[in-house]
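Q: Build me a model from this:
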Amino acid sequence: MATLIVSSLVSYYTLKSFVISENTEQLEHSITLMQMQPFHISDLDRIAANTHAAIQDRVTFVAEDGTVLADSNSDKFIMENHANRYEVMQARRDGLGVDNRYSVTTHVHYLYVAKKILVDDKVIYIRLATPLNTIMSNFYTLWSRLIFIFMIFMVLGLIAAYQMSKRVRYDIEQIVDYLGEISNKNYKAVIKTEYFQEFLQIALNLKDLAKKLATRDKQKRKYTAKLRLVNKQRNDILSAISHEFKNPLASIMGYADTLLDDPDVNPKIRVRFLDKILSNARKIAYMIDRLALSVKLENNDLSIHLMKFNLVDLIEDVVLNLSTKYRDREIKFHGEECMVLADKDMLDNVLTNLVDNALKYSEDDVIISLADNKLMVIDKGMGISEADLDKVASKFYRVHKNTWDNSMGLGLAIVSYILKLHESSLIIESKMGEGSLFGFSVKKMTKGACK
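A: Okay, here's the model as predicted:
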């Protein structure tokens, strides 16, 4: 008899402790899952209600000073200060607190689990409570009515508890494994809970969370890529400015220092030095204008002003201007009259860039051809390698031994932007040692044919 009593007492307290422990662990996991969803102080009433509806446990949010901020089962305005509740005090000290006692507010015996968290830079406590009366009611009934076969029911209860625990653990393992997959950024992982509606709801919430995390991660990658591009462009600009401004600035400083050091310098030398200073200053101003133009074109801040004009007249003007700069070179033109509707100043910029590049990087005559709705600039220079051919029109790009224009590698990039505004594109053909062909189609500008 004594053995039975002792066994019964041991079984009673063991089962009670087991059930409370399992529910405590479940409440801790529930709090952990609640923390995974970001929220604000203003959301506490809604979260308390929604969480209670999902897991059927009482949900309470308590402020640092003990004021009840939200409660799923009672009116928070009539509830007492919870600063001296054991689970809250323990959570304040250790981060997590557990207690079970009778609630005067709801007249129910609860198991309480409280945890300290930070919301909107304020310390609050999440407290979940599950009724002990519901958990233990069947146990108490069987204990009082069937004491003489207690051992049999105890075994059955242990088996039932084991099966329930096994299923709870299975569902929890599914959730934990899924959380592990999410932490490894595998947002397409599958979660499948089988036994408990509460875990099913948690699984659905986790799937929604995974979708949001996947979207946020994608946005983060795009933002990171954009930042890298901006940083690269900034570095390209700084590198180009530093490289191109170094020589003209050094020349200006050198000539200026010479003039300052020798006030009695020969007037002819003074004029020549001042001319050099002015020339280099103009070169810097020209490069700054080119950079500003490329930025405006790239950001679509420059609108085109269409007008009808003879393309041949524009070609002849460009040839005349560059012939003054390259007096010992010949520029040949082959083509017929061609009326176009375009921005004359922009096309002047395009032609000047293409012909100037051809003159700089070749020694033979340069040919301009206008035929079959295409304008081509042909030279017999050093040519461009296949590795560089697709890159020469990129902003700030430089071929190893060339710059392909005299302003920070912007010439062909500006040409490409302007042609894009005119619904055309840059044509490049080149072979090393044989020369290059740069041109573009004027079909859109002539509505199909030159007349």
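
Q: C-alpha only now, for contacts and for neighbours.
A: Noted.

Q: surely Asp348 meets Asp313?
A: No: between Asp348 and Asp313 there is no contact under C-alpha atoms under 8 Å: 10.6 Å.

Q: where along the stretch 1-150 of the chain do the strands fall?
A: Taking DSSP state E, counting those that start in this stretch as the criterion, the stretch 1-150 of the chain carries its strands at 58-63, 68-71, 96-103, 108-119, 122-131.

Q: Tabulate the ones you listed in TSV, adding columns for mean neighbour count.
A: TSV is the format used below for the strands of the stretch 1-150 of the chain (neighbours: other C-alpha atoms under 10 Å):
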stretch	mean neighbour count
strand 58-63	24
strand 68-71	23
strand 96-103	17
strand 108-119	21
strand 122-131	22
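
Q: Run through the residues that contact Lys276.
A: When contacts are counted by C-alpha atoms under 8 Å, 6 or more residues apart in numbering, Lys276 is found next to Ser251, Ile252, Tyr255.

Q: For it, what is the enclosing helix or strand?
A: Per DSSP states H and E, Lys276 falls inside helix 267-298.

Q: what's the next secondary structure element after that helix?
A: Next along from helix 267-298, by DSSP H and E: strand 307-310.

Q: Look at Tyr417 and tell me its secondary structure.
A: helix (DSSP: H, G, I helix; E, B strand; the rest coil).

Q: okay, the strands of the stretch 1-150 of the chain in a markdown table with mean pLDDT and distance to Lys220 next?
A: What follows is those, written out as a markdown table (pLDDT from 0 to 100; distance: least, C-alpha to C-alpha, whole Å):
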| stretch | mean pLDDT | distance to Lys220 |
| --- | --- | --- |
| strand 58-63 | 91 | 32 |
| strand 68-71 | 91 | 34 |
| strand 96-103 | 86 | 34 |
| strand 108-119 | 88 | 23 |
| strand 122-131 | 90 | 27 |
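
Q: Quick check: chain neighbours aside, which residue is closest to Ser362?
A: In space, and not counting its chain neighbours, Ser362 is closest to Gly381: 3.7 Å by C-alpha to C-alpha, 6 or more residues apart in numbering.

Q: Now do the SS call for the one you found.
A: Secondary structure for Gly381, judged by three-state DSSP, is coil.

Q: Any idea how many residues pack against it?
A: Applying other C-alpha atoms under 10 Å, we find 22 residues neighbouring Gly381.

Q: my read: it touches Ser430, true?
A: No: the criterion here is C-alpha under 8 Å, and Gly381 misses it with Ser430 at 9.6 Å.

Q: Which neighbours do these two have in common?
A: By C-alpha under 8 Å, 6+ apart, the residues touching both Gly381 and Ser430 are Ser436.

Q: domain assignment for this structure?
A: Following automatic domain parsing, one finds the domains of the chain at 20-145, 151-299, 307-446.

Q: Now the weakest link among these, please, by mean pLDDT.
A: Least confidently modelled of these is domain 151-299, at a mean of 76 by mean pLDDT.

Q: Present the strands of the stretch 1-150 of the chain as a markdown table; the columns should include distance to His305.
A: Output for these, formatted as a markdown table (distance: least, C-alpha to C-alpha, whole Å):
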| stretch | distance to His305 |
| --- | --- |
| strand 58-63 | 66 |
| strand 68-71 | 65 |
| strand 96-103 | 71 |
| strand 108-119 | 57 |
| strand 122-131 | 59 |
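
Q: so which of those comes closest to Lys226?
A: Nearest to Lys226, of all the strands of the stretch 1-150 of the chain, is strand 108-119, at 31.2 Å by C-alpha to C-alpha.

Q: Could you pull out the buried residues of stretch 73-92?
A: For stretch 73-92, a neighbour-count test (16 or more other C-alpha atoms under 10 Å) marks Lys76, His82, Ala83, Tyr86, Glu87, Val88, Met89, Gln90, Ala91, Arg92 as buried.

Q: At which residues are the helices of the chain located?
A: Per DSSP state H, the chain has helices spanning 2-35, 44-55, 86-94, 132-145, 150-183, 197-261, 267-298, 311-325, 344-360, 386-389, 411-421, 443-446. These are given in chain order.

Q: most tightly surrounded among those helices?
A: Highest mean neighbour count of these: helix 411-421, a mean of 22 (counted as mean count of other C-alpha atoms under 10 Å).

Q: got the angle between it and helix 344-360?
A: Interaxial angle, helix 411-421 versus helix 344-360 (axes from the mean of the first three to the mean of the last three C-alpha atoms, to 10 degrees): 150 degrees.

Q: name the helices or strands packed onto helix 411-421?
A: When contacts are defined as 3 or more C-alpha pairs under 8 Å, 6 or more residues apart in numbering; DSSP states H and E, helix 411-421 packs onto helix 267-298, helix 344-360, strand 426-431.

Q: Please identify which pair of the buried residues of stretch 73-92 lies farthest apart.
A: Lys76 and Gln90, at 21.7 Å, using C-alpha to C-alpha across those.

Q: Taking the centroid of the protein, which residue is nearest it?
A: In the chain, the centroid-proximal residue (C-alpha atoms, centre = their mean) is Tyr223; its distance is 2.2 Å.

Q: right, and Gln174 touches Glu181 too?
A: No: using C-alpha under 8 Å, Gln174 makes no contact with Glu181, being 10.6 Å away.

Q: ok so, going back, closest to Lys360 out of the contacts of Lys276?
A: Within the contacts of Lys276, proximity to Lys360 (C-alpha to C-alpha) peaks at Ser251, which comes in at 22.0 Å.

Q: residues contacting the closest one?
A: Neighbouring residues of Ser251 by C-alpha under 8 Å, 6+ apart: Lys276, Ile277, Asn280.

Q: still on that earlier bit, looking at the buried residues of stretch 73-92, which is nearest Glu198?
A: Set against Glu198, the nearest of the buried residues of stretch 73-92 by C-alpha to C-alpha is Glu87 (24.0 Å).

Q: I'd like the buried residues of stretch 73-92 as a markdown table, with distance to His305 appended.
A: A markdown table is the format used below for the buried residues of stretch 73-92 (distance: C-alpha to C-alpha, whole Å):
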| residue | distance to His305 |
| --- | --- |
| Lys76 | 69 |
| His82 | 74 |
| Ala83 | 74 |
| Tyr86 | 79 |
| Glu87 | 76 |
| Val88 | 73 |
| Met89 | 75 |
| Gln90 | 76 |
| Ala91 | 72 |
| Arg92 | 71 |
